[in-house]
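Participant: Provide a 3D model corresponding to the input given below.
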Amino acid sequence: MSALAVLRLLLPWEFSPVALAACALPVAAYLRGLRRCGASDRPERRLRALAFLAGVGSIYAVLQTHLDFLAQHMFWIHRVQHLVLHHLGPFLIALSAPAATLAAGTPPALRRAVRPLVANRFVRGLYRALQQPVVACVLFVGLIVFWLTPAVHFYAMLIRPIYLTMNWSMLIDGLLFWWLVIGPERADAPRLATRMAMLVAVAIPQAILGAYLTFRAVPLYDVYGLCGRAFAISPILDQQLGGLNTWIPPGMMSALGLIVLASRWMRADGDARLGEHRRPDGLAPIAGRVG
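Facilitator: Numbers count the residues shown, from 1 in each chain. Got it, this is the predicted structure:
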């Protein structure tokens, strides 16, 4: 494939200034924040920056390149698109813990303009409600099931406003969920245990749904035949590949999240034990002496 053909694939299929701004502005603020915070040779800082840029870049790729066109004409590529929007991209962004860097890179005038919205009582209440573990899990899985309901999916792939609503709802929900699970590093055991339970809770129904799509002998999504598939494969194979993308990669993302949380748990436990070891005997907690 020529360089010109590759460049053409990277250009927007349907240009969206909203998508461009949603990706470009955070990257600009993040890079500005890195400069303002000062250069650091710590590997952790470099890895966090790489995770943030890769997360935003992957989201841009599935929204604003020809991958978006392919996602509208192949079910299995649509599932790859939503895997990035709902799992991979938000996971990498949350893992990078970008809040402080973004705040440092955001112009003061913009911070002052946004502050009333952040401090709004209704907005804060809605955010707290959406970040309740049970609500977050139900919403995370429920959106996948809703948009994959054949009747809903049919209209979502044909009507542009519904299509955009589908993609943006998956992205926003993914950011909320993964920020709750692996974002702020509150490493106390009860919170970590709750987050680990959340990852298991969302993995099970996704696996069931993915297995159902994989082994279903009847095509469920005839909209792709109506629009014309980008590649010459059968509807059943397209659905089976989409089912596998709904089944295997999300389970791997949950497993990766569990590894991240387990490492934080062990690090917190090690820090606590080190603190106990360094305390004078007279200052050791009663629970420690009884144990």
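Participant: CA only for contacts and neighbour counts going forward, please
Facilitator: Fine.
Participant: what's the pLDDT at the residue positioned nearest the centre of the chain?
Facilitator: By Cα atoms, centre = their mean, the chain has its centre lying nearest to residue 90, at 2.4 Å. Turning to residue 90, the model gives it a pLDDT of 98.
Participant: that one touches residue 180, doesn't it?
Facilitator: No: the pair residue 90 and residue 180 does not pass the contact test of Cα atoms under 8 Å, sitting 10.9 Å apart.
Participant: moving C-terminal of the regular element (helix or strand) spanning residue 175, what's the next helix or strand?
Facilitator: For residue 175, the enclosing helix or strand under DSSP states H and E is helix 160-182. Scanning the chain past helix 160-182 towards its C-terminal end, the next helix or strand to appear is helix 189-215 (assignment: DSSP H and E).
Participant: pLDDT at residue 257, what is it?
Facilitator: With respect to pLDDT, residue 257 scores 96.
Participant: is it in contact with residue 199, as I believe?
Facilitator: Yes: contact criterion Cα under 8 Å: residue 257 and residue 199 qualify, at 7.2 Å.
Participant: any shared contact partners between these two?
Facilitator: Common contacts of residue 257 and residue 199, defined by Cα atoms under 8 Å, 6 or more residues apart in numbering, comprise residue 181.
Participant: list the buried residues in stretch 154-173.
Facilitator: Along stretch 154-173, these residues count as buried under the neighbour rule (16 or more other Cα atoms under 10 Å): 154, 156-157, 163, 166-168, 170-171, 173.
Participant: as TSV, these with distance to residue 265 would be great.
Facilitator: Compiled in TSV, these are given as follows (distance: Cα to Cα, whole Å):
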residue	distance to residue 265
154	44
156	41
157	42
163	40
166	35
167	34
168	33
170	29
171	28
173	25
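Participant: can you name the two of these that are farthest apart?
Facilitator: Greatest spatial distance among the buried residues of stretch 154-173 (Cα to Cα): 154 and 173, at 21.5 Å.
Participant: where does residue 219 sit: helix, strand or coil?
Facilitator: Of the three states, residue 219 takes coil under DSSP: H, G, I helix; E, B strand; the rest coil.
Participant: same check on residue 232?
Facilitator: coil.
Participant: and the gap between it and residue 217?
Facilitator: In this structure, residue 232 and residue 217 are 19 Å apart, going by Cα to Cα, to the nearest Å.
Participant: ok, the two, which is more surrounded?
Facilitator: Applying other Cα atoms under 10 Å to residue 232 and residue 217 shows that residue 217 carries more neighbours, namely 12 against 9.
Participant: state the helix or strand in which the residue nearest to the more buried one when sequence neighbours are not counted lies.
Facilitator: Once its chain neighbours are removed from consideration, residue 217 has its nearest residue in residue 236; the separation is 7.1 Å (Cα to Cα, 6 or more residues apart in numbering). For residue 236, the host element (DSSP H and E) is helix 235-278.
Participant: what packs against that helix?
Facilitator: Judged by 3 or more Cα pairs under 8 Å, 6 or more residues apart in numbering; DSSP states H and E, the packing partners of helix 235-278 are helix 75-83, helix 160-182, helix 189-215.
Participant: do you know which of the ones you listed lies nearest residue 112?
Facilitator: Between residue 112 and these, the shortest separation by Cα to Cα is 23.1 Å, and it involves helix 160-182.
Participant: that closest one to helix 235-278, inter-axis angle?
Facilitator: With axes from the mean of the first three to the mean of the last three Cα atoms, to 10 degrees defining the directions, helix 160-182 sits at 30 degrees from helix 235-278.
Participant: for residue 155, which non-adjacent residue is spatially closest?
Facilitator: Counting by Cα to Cα, 6+ apart, residue 155 lies nearest to residue 162, which is 7.3 Å off, once chain neighbours are set aside.
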